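>>> sequence unknown, structure follows:
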């Protein structure tokens, strides 16, 4: 089960910038016109630098310092549903602007299921070339999606 927790924690902490000032998300440029935006998913509110993502992918072990996932997966109707966030470490400033809370259940990352270690690893590795980081989760029974554009720098 540890590889799954590692991969999920890594992608979550990539979104949170790993706790360093240089890795903090930066505000995205203004959204495109309403007609262009309506044809796709909502524009991400934040962007991540490609260099920040690549650095986080190199040192996954440090990421457990910030996100703790419950060791037991969440099941619904006998089927895997996701992993519950048990704790977010660091002060409120570390998580400012990141809509992630203890109790949230992460259900997929960048569209990849995360039930088995190889699935979580695929989601983790996809970040090296992905244009965005999308974390799908459920909070109090309601689905949510956290999105960050990944921009080259």
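Yes, it's here. None of the values given here were measured: they were computed from a predicted structure.

>>> Would you verify that residue 120 is located in a helix?
Yes. Residue 120 forms part of a helix when assessed by DSSP: H, G, I helix; E, B strand; the rest coil.

>>> what about it, how many neighbours?
By the criterion of other C-beta atoms under 10 Å, residue 120 has 25 neighbours. Heads up, the C-betas are built off the backbone N, CA and C, glycines and all.

>>> these two touch, right, it and residue 110?
No. At 11.1 Å, residue 120 does not count as touching residue 110 under the criterion of C-beta atoms under 8 Å.

>>> Tell me, how many residues neighbour the residue nearest to residue 134 when sequence neighbours are not counted?
In space, and not counting its chain neighbours, residue 134 is closest to residue 147: 4.9 Å by C-beta to C-beta, 6 or more residues apart in numbering. When neighbours are counted by other C-beta under 10 Å, residue 147 registers 18.

>>> Quick check, residue 147 in contact with residue 132.
Yes. Contact criterion C-beta under 8 Å: residue 147 and residue 132 qualify, at 5.9 Å.

>>> how about the closest residue in space to residue 111 that isn't next to it in sequence, what does it touch?
Computed as C-beta to C-beta, 6+ apart, the closest residue to residue 111 that is not its neighbour in sequence is residue 134, at 7.0 Å. For residue 134, the contact set (C-beta atoms under 8 Å, 6 or more residues apart in numbering) comprises 109-111, 145-148.
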